[in-house]
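1. all I have is the shape, not the residue letters:
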């Protein structure tokens with residue numbers, strides 16, 4: 001299994017309960033084919049530039065282990081999510 005890290009920015013307009021559901025949904029996608037590691041919620045942060053006319057976003061970083069096929073599926077699901085403004089998946093083993 002390979003070590004990965006995903007960082008995503010959730011729409012700041014969502015209520016806390018809805019944000020928790022989004023984070024749980026991402027963890028569920030990962031847990032289906034891999035192992036969820038450390039989940040670090042950074043909270044509301046100012047963005048470097050406005051995204052969808054919003055100056056802030058709710059940042060979440062999740063470390064996980066999975067087979068090389070999972071990041072492609074995770075990327076697909078994060079792209080079609082209406083609540084996630086941006087995301088990035090990094091292979092931590094690759095140097």
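-> Alright, I've got the coordinates. Here the structure is a predicted model, which means the values were calculated and not measured. Numbering: from 1, shown residues only.
2. now do the contacts for residue 10.
-> 19, 22, 23, 57, 58, 59, 60, 83, 84, 85 (Cβ atoms under 8 Å, 6 or more residues apart in numbering). Quick note: C-beta positions are derived from backbone N, CA and C, even for glycine.
3. kindly recompute the last result at 10 Å.
-> 18-19, 22-23, 26, 41, 44, 57-60, 81, 83-87 (Cβ atoms under 10 Å, 6 or more residues apart in numbering).
4. what does the pLDDT read for it?
-> With respect to pLDDT, residue 10 scores 95.
5. repeat for residue 33
-> At residue 33, pLDDT is 89.
6. can you give me the distance of it to residue 11?
-> According to Cβ to Cβ, to the nearest Å, residue 33 and residue 11 sit 26 Å apart.
7. of these two, which one has the most company?
-> residue 11 (19 against 14; other Cβ atoms under 10 Å).
8. give me the ChimeraX select line for the contacts of residue 10, limited to the buried ones.
-> In ChimeraX, this line selects whichever of the contacts of residue 10 come out buried by 16 or more other Cβ atoms under 10 Å:
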select :19,22,23,26,57,58,59,60,81,83,84,85,87
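9. just the ones of the contacts of residue 10 in strands?
-> 41, 44, 57, 58, 59, 60, 84, 85, 86, 87 (DSSP state E).
10. can you redo those as a markdown table with pLDDT?
-> Below are the ones in strands among the contacts of residue 10 laid out as a markdown table (pLDDT from 0 to 100):
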| residue | pLDDT |
| --- | --- |
| 41 | 92 |
| 44 | 94 |
| 57 | 95 |
| 58 | 95 |
| 59 | 96 |
| 60 | 95 |
| 84 | 95 |
| 85 | 94 |
| 86 | 95 |
| 87 | 96 |
